[in-house]
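>>> coords below, sequence missing:
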């Protein structure tokens, strides 16, 4: 059996989980509400504030969906209680980030500033050379952080660009002069 899919999900106090037909799961919590339609083949039960996901048979597809379904529900529960954050760092001479309203302005060595608008349900903040992306939907937080990073990926020689705070850039040795 799927080791991840087998694990029960504990629903904390203050969180309500509603499972409608076609496995449409709605999770309400202190930080907001998340909805998602999960694969119909999986059976999702809520008993005594514990969610369990079971699969109908042991086909390869069902095994794959089992762990996925459980993880998606768990991410929704964690999102509405704690939320998700991604921290990015802007490194480089003259590279800077600024925030005004819901608009993030990045100066990344291009001839023009790059402007990005926060997507719905996502909040970004700038503190010096750090950009923090917050939200309740793990997928949207990760996607927006990846889009910001894509504007100027870190390069291996000087390490200039936008990188995740926990990312390690493999550095390369530059050219050496001929003697």
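Nice, thanks for sending it over. Since this is a predicted model, take the numbers as computed values, not measurements.
>>> Just give the nearest non-adjacent residue to residue 90, would you?
Distances taken as Cβ to Cβ, 6 or more residues apart in numbering place residue 129 nearest to residue 90, at 4.7 Å, with adjacent residues excluded. The C-beta positions use only the backbone N, C-alpha and C, and glycine is treated the same way.
>>> Test my guess that that neighbour contacts residue 97.
Yes. Residue 129 is within contact range of residue 97, at 7.3 Å (criterion: Cβ atoms under 8 Å).
>>> ok, the residue nearest to residue 90 to residue 98 distance?
Remark: distance between residue 129 and residue 98 (Cβ to Cβ, to the nearest Å) = 11 Å.
>>> list the residues that contact both of residue 129 and residue 97?
By Cβ atoms under 8 Å, 6 or more residues apart in numbering, residue 129 and residue 97 have these common neighbours: residue 90.
>>> Run a quick neighbour tally on residue 122.
By the criterion of other Cβ atoms under 10 Å, residue 122 has 19 neighbours.
>>> try residue 80
Neighbours around residue 80, by other Cβ under 10 Å: 23.
>>> secondary structure class for the residue sitting nearest the centre point of the chain?
The centre of the chain sits closest to residue 142, judged by Cα atoms, centre = their mean, with a distance of 3.0 Å. Reduced to three states with DSSP: H, G, I helix; E, B strand; the rest coil, the structure at residue 142 is helix.
>>> Next, work out how far apart the closest residue to it other than its chain neighbours and residue 170 are.
Nearest in space to residue 142, with sequence neighbours left out and distances taken as Cβ to Cβ, 6+ apart, is residue 86 at 6.5 Å. Going from residue 86 to residue 170 by Cβ to Cβ gives 21 Å.
>>> of these two, who's got more company?
residue 86 (22 against 7).
>>> give the contact list for that one.
Residue 86 neighbours (Cβ under 8 Å, 6+ apart): 132, 133, 141, 142, 145, 164.
>>> And it, which helix or strand is it part of?
strand 84-91 (DSSP states H and E).
>>> Report all helices and strands that the following helix or strand past that strand contacts.
Following strand 84-91 in sequence order, the next helix or strand is strand 96-100 (DSSP H and E). Packed against strand 96-100 by the contact rule (3 or more Cβ pairs under 8 Å, 6 or more residues apart in numbering; DSSP states H and E) you find strand 103-107, strand 122-127.
>>> Quick one: closest of those to residue 37.
When the helices and strands packed on strand 96-100 are compared by Cβ to Cβ, strand 122-127 sits nearest residue 37, at 21.3 Å.
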